[in-house]
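> Curious how this folds, go ahead:
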Amino acid sequence: MASTLDHIAQLLNATLDAQHHRKAENALKEEAKKPKYSLSLLNIVSSSAQPLKIRLAAALAFKNFIRHNYVDEDGNYKLPPDEVQTIKSELVGLMISSPPTIQTQLGEAISLIADSDFWERWDTLTQDLVSRLSNTDFKVTNGVLEVAHSIFVRWRPLFQSNELNREILHVVGVFGEPFVQMLSIADGQIEANKDNASALKGWLETMSLLIRILYDLTCQDIPPIIETHLQPITVLLHKYITYTNPIFDGEEDEATPLETLKSDICDALQLFTNKYDDDFGQYVQEFTNNVWNVLSSVGPEKRYDTLTSKALQFLTAVASVRRHAEIFNNEQILGTIVEKVILPNVALRESDIEMFEDEPIEFIRRDLEGSDTDSRRRAATDFLRKLLDNFEPLVTQVVFRYINHYLTAGKTDWKAKDTAVYLFLAIAAKGAVTAAHGVKTVNSFVNVVEFFEQNIAADLLTESTEPISKVDAIKYLYTFRSQLNKAQWASAIQPLIQNLASSNYVVYTYAAIAVERVLFLTDEQGQHIFPRSDIQPYAKDLLEHLFALIEKDTSAAKLQENEFLMRCIMRVLIVMKEGILECGAESVLNHLINITNVIKENPSNPRFYYYHFEAIGALVRYCGNSPKLDMLPRLWTPFVAILHEDVSEFVPFIFQIFALLLELNPSNQVPGDFKMLIEAVLAPGPWETRGNVPPLSRFIAAIIPKAAEEIKAENKLEPFLAIFQRLLTGKKTDQNAFDILEAIVGTFPGDVLEPYFGTVVTLIFTKLQSNPSDSYKSRVARFYHLVSARAGEGKMGADYFIRHAETIQQNVFTPFYLTVILPTTGQFARPVDRKLGVISYTKTLCESKQFAERYQKGWGFTCNNLLDLLKNPPRVAAGFGDEIVNEADVDDIGFGVGFTPLNTCKRGARDDFPDIVEVDKWVSQYLKEANQRHGGAIVSFVEQRLTPEAKAALAPYLA
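Down below sits the predicted model:
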C-alpha cells in the first residue's frame, strides 16, 4: 500500500512539471482504473509527511476523479459500495482538518457527491455536521461551516421544485436551530476576543460563513426559523455592517476578515431587498444609511474593493424597488451620490494604472463589459444606470454637470478626461451591453455621435495621445458600435486598424477587439456591415500584423495569452471566406500550424485555442478543397501528432476539423492517410472522455460513406454498430448514436445490413419503452424514414423495416407507426427532415406490399400525412449557409466543460437525397410512374381508401 501511495505521489508531483505533466497525467489515468484509487488520493491528502503542493494536487485529482467516476448518467454508483461508504465517512472530517487551499478542493468534491447523494442517500450528513460544531474552537467550526456551505450553496441558482423544497426542509429541520444558536455564540466570541487578533480573525470568519449560510438557507424562501428570528438577525447584521476594530488598521492590499464579513452582509441584504420586501422592507431605510456610511468611510485602497462593489450592489437593489428608490429622487441627493460615491469609484486609481502597465491582459479582461470580476467601476456604473432607469432626465442633468467639469479639466489632465468619458459611457447606455452588438438602446437626452466627434475622435487619430485616452476612444466606438451607421463606420474603421500598430499592448489589443466586433456586426437583413469587398484591400496586411503580435513571444504560455488577437484573426477569415485565397492564405495556414505546434506543449488558455481552431475551421470550410493550399496533408502531420501525444484539450477540435475535411472532400474514397484513424476511433480509449463523443461520432459519420468498401472487406461494420449500441444507451449520447446509424443506413444496402438490422430495431424499440424524450422520438422517426425512403436501389423500404420489427413481436409495427412515426413526423420543423418524410411516405404508398395489402387503413393515413407535409413543400438550401457561423456567438460558450462545438465546422443538415430539389414535382412524377408500373393500382387505392377531400388534394399530383 505504501509503495502504491508513494508512486501516485510521485506522479502527482510530476504533473506540476510543465515538461513532464502530460506523461504523468496519462500514468495517473491508468492508476485511476485500479481499485480504491480514490482512497489512495485521500490518504495522500491526509498525510502530513507529504509536501503541501502534493497534498493539494491529490485533493484536486480526487475532486476530478469524483466528477467523472462517482455516478453514471442515471445516478447509479460507478464505485464499489464499500468505497463509496468510506469516502462519505472520511471526507468531512478530512476537510475540516485540512489547510484552506485543500479545503476548497475537498469542499467542491463534497458538493459533487451531494449533487447525486444529498440528502436521501446521505441523510446522516447534516446531523454529522451539527454534532461537530464547536462553541470554543473556531478552526473546527469554520471547517464544519465550509462543508455545510459547499453543499447548501448549490441551491442558489436552482429553480424551485418539490424535490428541492424537501431537501431544504430536511436541512432546516436539523441545522436551523443550531445555526441560530451559532450566530449568538460567534457574536459573543467576537466580543470576548476583540483584543486578540488571531481569535478575533477566526471568529469573524465564522460569522462570515454563517452569513453565507443565511443566504443559502433563504435563497429559495424564508424558512420559519429564520422568519421567527428575523428581528434579532437584522440587529446582528446592523451591528457588524457598522463594526470597527483598530486591530485591522494599517492593511492596504488584502481584504481583512472584517471587510469580507461586511461584503457577505451586503450580499444577504441585497437578497432580502430583492426577494423579501414584504418582510424586510421596514429595515431597508436603516440599512441604506448604514451602507452609505460604509461607502463614505472606505478609502481607495484595494483592501476595500470587494466591499465597495457589494455595497454598491445593495444600493442598486434598493434603487430597483420603486418605493425605496424614491429616497434618491432629489437633485441635491443625486449630486451627493455622484460626488461621494460614483466619482471616487469610477476615477482611475494608481493600482489601475499599474495594472494597465504591468498586467495589460488582466486590465483588459477586467475592463471589458460583461467581465465576471466585481470591480468598483462596474458596480458604480450599475448603480448609476439603475438610478437613470428611474429618473432619467434628472440623473442626466446632474451627471452632465460633472462630465462638463471633467472635460474642461481634461484639456490639461488626461485622468480627468478619462473620468468624463467613463461617466458619459455610464449614463448614455441603457439596458444590457451585449457582447454581440454593444449598446442597443441609448439615453434619449444624449447624442453619442456628437459627443464622440467633439470630445473623443481626436484621441483616436493623434499619435501623441496618452495610451489610456486612446483606449477610451477605442472603447467608446466598441461600446456604441450599433449606434453608428455604415458611413460613420467607414471613416472610423481605418483609424481603428491603424491603432493595431501601436506599441502599447492595451491599445493594440482593444483595437483588435473593436475591429473584430465591427466585422461581426450585421444589418437588419443579416448582412455584414463590412462585407468581404470592404475588407479585402487590407486583409493580408491586417492578418500578418495580428500574427506578428501573437508570435512576438514564442513561449507556449505567452503566445496563447492574448485570445482577443486570435479572435480577430478568426473573424477576418470568416468574413473573407474563399477570398482569403487571394490574401496570403498559405501564410495564414503556416502561422496557424506553427501556433498549433507551440501551444500543444502546454494548452493554458481555453479561449485562445478555441478561437485558434475556429480560425483553422474557417480556412478549411472556405478553402478546404483548394489545390493551392493542399490543406489535408498540411494539417495531417500536426493534428496526428496531437492525437499521438493525447493532448486531450485539442482532440475534440481535431476530429471536428477532420470530419469537415472529409465532408468537403469530393472523392468517394478515404483520402490520404485517414484509413489509419479507423482503427483508432474503434478503440474504446477515446470514447471514455465525454467531450470526445460528439466529434468522434461526427468523424465516423463522415468516414463511413468513403470507407464503405474497406469496412465491408475487413468486417468492420459490427464494431461500428457496437459503438452505436453503446451510445444509444446514454441519455446524452443517443443523438450521436443516430448520427452513426444514419451514416451506416445511408451507405450500405439492406442485404449487407440484414444480419444486424433486427438487433438495431430491438435496441431502438427497447429504449422507446422507457419514457423517451421528444428528441429521441424525432431521431427514431427520421431513421425509419431513411430506411423507408431507401426502397429500390437501397434494398430497404417500409417492408424491410416491418419484416424485422415483426420478428421481434407480432403486430408491433402498427402501434409504432401510429403513435411514433405519424405524429412525430407531423412535428418535424427542419425542411430536410420534412423532405425525407415526403420521400418516405411517397415510396411507402408506391412500393410497400404490406401497406398495399395488410395495412389498408395505414395507406390512407400515410397519404393524408403526405398531403399535410406538401401543404408547404420543403425546400432544402444547398451548402452551409452563412447563418451557421453566426448562429451562436462565442461568448455564449462555456469553455472546458464537456464538448465545445466549432461554429465554423458545424455540419449542415444531412440531406440523403440532394438530387431531389423540387419535392412536389418529384412526388407527382413518382406517383404517376408507379401507378403505370403497377397497372393503375395507385389510382385504385386512392379511389378506395381516401376521403373526397384527400382525393381532391392528391388529384393535382396524379394529373
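> wouldn't Phe287 be in contact with Leu237 here?
Yes - between Phe287 and Leu237 there is a contact under C-beta atoms under 8 Å: 7.5 Å. Heads up, the C-betas are built off the backbone N, CA and C, glycines and all.
> Show me whatever sits in contact with both of the two.
Residues touching both Phe287 and Leu237 (C-beta atoms under 8 Å, 6 or more residues apart in numbering) are Leu269.
> Now do the helices in the stretch 651-800 of the chain.
For the stretch 651-800 of the chain, applying DSSP state H, counting those that start in this stretch gives helices covering 651-664, 675-682, 693-703, 708-713, 717-728, 734-747, 750-768, 774-789, 798-808.
> now the fifth one against helix 693-703, angle please.
Spelled out, that is helix 717-728. Compare the direction of helix 717-728 with that of helix 693-703 by axes from the mean of the first three to the mean of the last three C-alpha atoms, to 10 degrees and you get 150 degrees.
> picking up where we left off before, in JSON lines: the helices of the stretch 651-800 of the chain, plus distance to Gly617.
As requested, the helices of the stretch 651-800 of the chain are exported to JSON lines (distance: least, C-beta to C-beta, whole Å):
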{"stretch": "helix 651-664", "distance to Gly617": "6"}
{"stretch": "helix 675-682", "distance to Gly617": "18"}
{"stretch": "helix 693-703", "distance to Gly617": "12"}
{"stretch": "helix 708-713", "distance to Gly617": "26"}
{"stretch": "helix 717-728", "distance to Gly617": "24"}
{"stretch": "helix 734-747", "distance to Gly617": "19"}
{"stretch": "helix 750-768", "distance to Gly617": "32"}
{"stretch": "helix 774-789", "distance to Gly617": "25"}
{"stretch": "helix 798-808", "distance to Gly617": "37"}
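> Out of these, which gets nearest to Val291?
helix 651-664 (46.8 Å; C-beta to C-beta).
> Output the contacting helices and strands for the closest one.
In terms of contacts (3 or more C-beta pairs under 8 Å, 6 or more residues apart in numbering; DSSP states H and E), helix 651-664 is packed against helix 606-623, helix 631-645, helix 693-703.
> Of all the ones you listed, which one is nearest Glu463?
helix 606-623 (30.0 Å).
> Columns mean pLDDT on top of the helices of the stretch 651-800 of the chain, output as TSV?
Converted to TSV, those look like this (pLDDT from 0 to 100):
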stretch	mean pLDDT
helix 651-664	96
helix 675-682	92
helix 693-703	97
helix 708-713	93
helix 717-728	96
helix 734-747	97
helix 750-768	97
helix 774-789	97
helix 798-808	97
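> Mean neighbour count and distance to Leu425 for the ones you listed - can I get that in a markdown table?
Output for those, formatted as a markdown table (neighbours: other C-beta atoms under 10 Å; distance: least, C-beta to C-beta, whole Å):
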| stretch | mean neighbour count | distance to Leu425 |
| --- | --- | --- |
| helix 651-664 | 23 | 36 |
| helix 675-682 | 16 | 51 |
| helix 693-703 | 25 | 40 |
| helix 708-713 | 15 | 60 |
| helix 717-728 | 18 | 49 |
| helix 734-747 | 21 | 44 |
| helix 750-768 | 17 | 54 |
| helix 774-789 | 21 | 43 |
| helix 798-808 | 20 | 63 |
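> Any stretches of the chain with poor pLDDT?
1, 369-373, 878-898 (pLDDT under 70).
> ranges for the helices of the stretch 201-350 of the chain?
Using DSSP H, counting those that start in this stretch, helices in the stretch 201-350 of the chain cover 224-228, 230-241, 257-275, 277-297, 305-320, 322-325, 331-337, 343-346, 350-358.
> Just the CA trace of the third one, in PDB.
Extracted as PDB, the C-alpha positions of helix 257-275 are listed here (Å, rounded to 0.1, in the frame of the first residue of the first chain):
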ATOM      1  CA  PRO A 257     -12.000  39.300   7.700                       C
ATOM      2  CA  LEU A 258     -13.900  42.400   8.700                       C
ATOM      3  CA  GLU A 259     -14.300  43.600   5.000                       C
ATOM      4  CA  THR A 260     -15.200  40.000   4.000                       C
ATOM      5  CA  LEU A 261     -17.900  39.900   6.600                       C
ATOM      6  CA  LYS A 262     -19.300  43.200   5.600                       C
ATOM      7  CA  SER A 263     -19.300  42.100   2.000                       C
ATOM      8  CA  ASP A 264     -21.200  38.900   2.900                       C
ATOM      9  CA  ILE A 265     -23.700  41.000   4.800                       C
ATOM     10  CA  CYS A 266     -24.200  43.300   1.800                       C
ATOM     11  CA  ASP A 267     -24.900  40.100  -0.300                       C
ATOM     12  CA  ALA A 268     -27.500  39.000   2.200                       C
ATOM     13  CA  LEU A 269     -29.100  42.500   2.300                       C
ATOM     14  CA  GLN A 270     -29.300  42.500  -1.500                       C
ATOM     15  CA  LEU A 271     -31.100  39.100  -1.500                       C
ATOM     16  CA  PHE A 272     -33.600  40.200   1.200                       C
ATOM     17  CA  THR A 273     -34.300  43.600  -0.600                       C
ATOM     18  CA  ASN A 274     -34.800  41.900  -3.900                       C
ATOM     19  CA  LYS A 275     -36.800  38.900  -2.800                       C
END
